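> Compute the structure for the input listed below.
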Amino acid sequence: MNNDKQIKNGDVFDIGQTINGVYKFLWFNNTWYYFEERMSRAYEYDQLQLTTLVLDNEFQEITLIKNIFYHEQQ
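Residues are numbered from 1 along each chain as shown. Reported below is the predicted structural model:
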């Protein structure tokens, strides 16, 4: 993840593990969504816990894949 530890609206992350069979998550309008090449449904568990997991990236397993508002990864 980038060094400024900032999650931007539209960022899609591979969290390096699966939750309900999904490993990609979209941060959109202050809510986490499961992401399978499109936004599917809101993440129904603890939003803060998933945010902390992404920001801390303790085991360096989380990868920013893309931002849905940009054609190229920045």
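> Give the buried residues for stretch 33-44.
Neighbour counts over stretch 33-44 (16 or more other Cβ atoms under 10 Å) mark Tyr33, Tyr34, Phe35, Tyr43 as buried. Every residue, glycine included, has its C-beta placed from N, CA and C.
> With secondary structure, pLDDT and distance to Thr52 as extra columns, can I get those residues in JSON lines?
Putting the buried residues of stretch 33-44 into JSON lines (DSSP: H, G, I helix; E, B strand; the rest coil; pLDDT from 0 to 100; distance: Cβ to Cβ, whole Å) gives the following:
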{"residue": "Tyr33", "secondary structure": "strand", "pLDDT": "94", "distance to Thr52": "17"}
{"residue": "Tyr34", "secondary structure": "strand", "pLDDT": "92", "distance to Thr52": "18"}
{"residue": "Phe35", "secondary structure": "strand", "pLDDT": "91", "distance to Thr52": "19"}
{"residue": "Tyr43", "secondary structure": "coil", "pLDDT": "90", "distance to Thr52": "13"}
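> Counting residues, which strand of this protein comes out longest?
In the chain, assigned by DSSP state E, the strand with the most residues is strand 11-19.
> Quick one: the strands in this protein, in order.
11-19, 22-28, 31-35, 39-42, 63-67.
> Where in the protein is the helix or strand with the lowest mean pLDDT?
strand 39-42 (a mean of 76; mean pLDDT, DSSP states H and E).
> Kind regards, and thank you for your time.
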